[in-house]
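pasted the sequence and its predicted model underneath.
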Amino acid sequence: MTKQNNYFRTIVKIGLALGTTLERDKILQLIVQGVLEAMGGKAACLFLMDEEKGTYVPVAQTGLSKNYVHAGLAHVKKEIPLLLKKGYLHFRDAASDPGVENRETKRAEGIASILVVPVRVKGRFIGTLSLYTAKVRDFSAEEIEFLTVLAEQGGVAVETARLVERLRENTRIFLDLAASINSSLDIKDILQTLSCEVSQAIGVKAASIRLLDEESNTLKLVASCGLSEKYLNKGPISAEKSIAEALRGKPVVVRNASTDKGVQYKKEKKAEGIVTILSVPIKSKERVIGVLRLYSAVAREFTEDEILLVTALAYQGGLAIQNAGLYLMLKSDMKELKDEIWSHRCWF
């Protein structure tokens, strides 16, 4: 069978798996096995990077021993710009190349050459797919292109699994929040649940909810999750100087909190490990009454879907506040009615 036929069969096999299963890890393992079957070599490994957690881990591999030590995240970050520029990295003699980490480990593992291509999702780098050979080897443009196609299929598998998991998680969050609103009129408990749920769902460091005090024109903290007491007690938040646009009803993303002119307490945010902030308005009857803020520990681009989700959850928070307010009004009206009836008991 020709090399081209091997490539075609591997791509078709993985494509069919993508259309018939939602199990991410199963597809990724199929990809690394397909790399060895079609290209030959000693081993293959697919890595995914999570900057938020500071990890760069192998999620699928074949042909490597349990004791083999992969390169760390710090080393990988140095190689990413060149990898993205060229589209691949080729270490012809990994045991002696100064650009390779853990050379002694690779020599002991019997690794000679390494070919690395990026794994991307919608153009965003999320990991790498690597092929390891037992003999020093050069790779043709066709081989590099084939490995790149498999890496792209890996990106599709990761993104599909993420979307399905996000859909499930979003459904769970809305159900939990609806149940909380339905079963409790303690607005602080409801907003505390909201802040923790949304930070977990979006995968950020922390979240907070502040409501507008119109008399002092400041934002009062009513709920938070993931922030230290020292940071929370840093001082008053001005509605004019901070997130003014969010208070006008629009989501706002501050990409670098330590340099943005509209951000208060820059030093405190840097000490807390806050880099990017997403602020969305909390509304009650179309009137903005506060903001829900998410804090990321790394520079981050929030997707349109993520911003829509956070905005929808903020609306749920506004609905909970509105319901609690209506209940208190009704309770007050009922008390006045009872007092009125009791004062005229002589009528009966």
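Structure's in. What do you need? Numbers count the residues shown, from 1 in each chain.

list the contacts for the nearest residue to Val254 once chain neighbours are set aside?
Counting by Cβ to Cβ, 6 or more residues apart in numbering, Val254 lies nearest to Ile277, which is 4.3 Å off, once chain neighbours are set aside. From N, CA and C alone the C-beta is placed, and that goes for glycine too. Residues in contact with Ile277 (Cβ atoms under 8 Å, 6 or more residues apart in numbering) are 253-254, 257, 263, 293-296.

wasn't Ile277 part of a strand?
Yes - under DSSP: H, G, I helix; E, B strand; the rest coil, Ile277 sits within a strand.

next one, pLDDT for it please.
As predicted, Ile277 sits at a pLDDT of 93.

can you pull up the bridge partners for it?
Following DSSP bridges, Ile277 is listed with bridge partners Val254, Tyr295.

quickly note the distance from it to Arg210.
Ile277 sits 12 Å away from Arg210, going by Cβ to Cβ, to the nearest Å.

doesn't Ile27 make contact with Lys13?
No - contact criterion Cβ atoms under 8 Å: Lys13 and Ile27 do not qualify, at 10.4 Å.

the two: who's more crowded?
Ranked by neighbour count (other Cβ atoms under 10 Å), Lys13 and Ile27 place Ile27 first, with 22 against 16.

phi first, then psi, for the residue positioned nearest the centre of the chain.
When Cα atoms, centre = their mean is applied to the chain, the residue found nearest the centroid is Gly203 (4.3 Å). Main-chain torsions, Gly203, degrees, to the nearest 10: phi 80, psi 50.

got it, and Ile111?
Backbone geometry at Ile111, expressed as degrees, to the nearest 10, gives phi -90, psi 130.

so, low pLDDT: which residues of the stretch 101-250 of the chain?
Scanning the stretch 101-250 of the chain for pLDDT under 70 picks out 177-178, 180-185, 239-243.

can you show me the strands along it?
113-121, 124-133, 206-213, 218-225, 237-238 (DSSP state E, counting those that start in this stretch).

partner strands of the second one, with direction?
If I follow you right, that is strand 124-133. Note on strand 124-133: by DSSP bridges, its sheet partners are strand 43-50 (antiparallel), strand 113-121 (antiparallel).

what sits up against the last one?
Here strand 113-121 makes contact (Cβ under 8 Å, 6+ apart) with 46-48, 79, 83-84, 87-94, 100, 106, 125-133, 135-139, 143-144, 147-148, 151-152, 154-155, 158-159.

so what's Glu79 closest to, chain neighbours aside?
Closest to Glu79 by Cβ to Cβ, 6+ apart is Leu89, at 6.4 Å.

burial check on Leu73, number of neighbours?
Leu73, neighbours per other Cβ under 10 Å, totals 16.

and what of Ser216?
Ser216: 11 surrounding residues under other Cβ under 10 Å.

show the contacting residues for it.
Counted by Cβ under 8 Å, 6+ apart, Ser216 has contacts Pro236.

got the angle for the helix ranked longest in the chain vs strand 113-121?
Counting by DSSP state H, the longest helix found in the chain is helix 141-183. If you take axes from the mean of the first three to the mean of the last three Cα atoms, to 10 degrees, helix 141-183 sits at 40 degrees to strand 113-121.

output the contacting helices and strands for helix 141-183.
helix 3-20, helix 24-39, strand 43-50, strand 113-121, strand 124-133, helix 187-202, helix 304-343 (3 or more Cβ pairs under 8 Å, 6 or more residues apart in numbering; DSSP states H and E).

and for the closest residue to Lys135 other than its chain neighbours, the neighbour number?
Closest residue in space to Lys135, ignoring its immediate chain neighbours: Ala112 at 5.2 Å, by Cβ to Cβ, 6+ apart. Ala112 has 19 neighbouring residues, counting by other Cβ under 10 Å.

just checking, Ala112 touches Arg103?
No - using Cβ under 8 Å, Ala112 makes no contact with Arg103, being 11.7 Å away.

shared neighbours, the two?
Counting by Cβ under 8 Å, 6+ apart, the residues touching both Ala112 and Arg103 are 94-95.

thanks a lot, catch you later.
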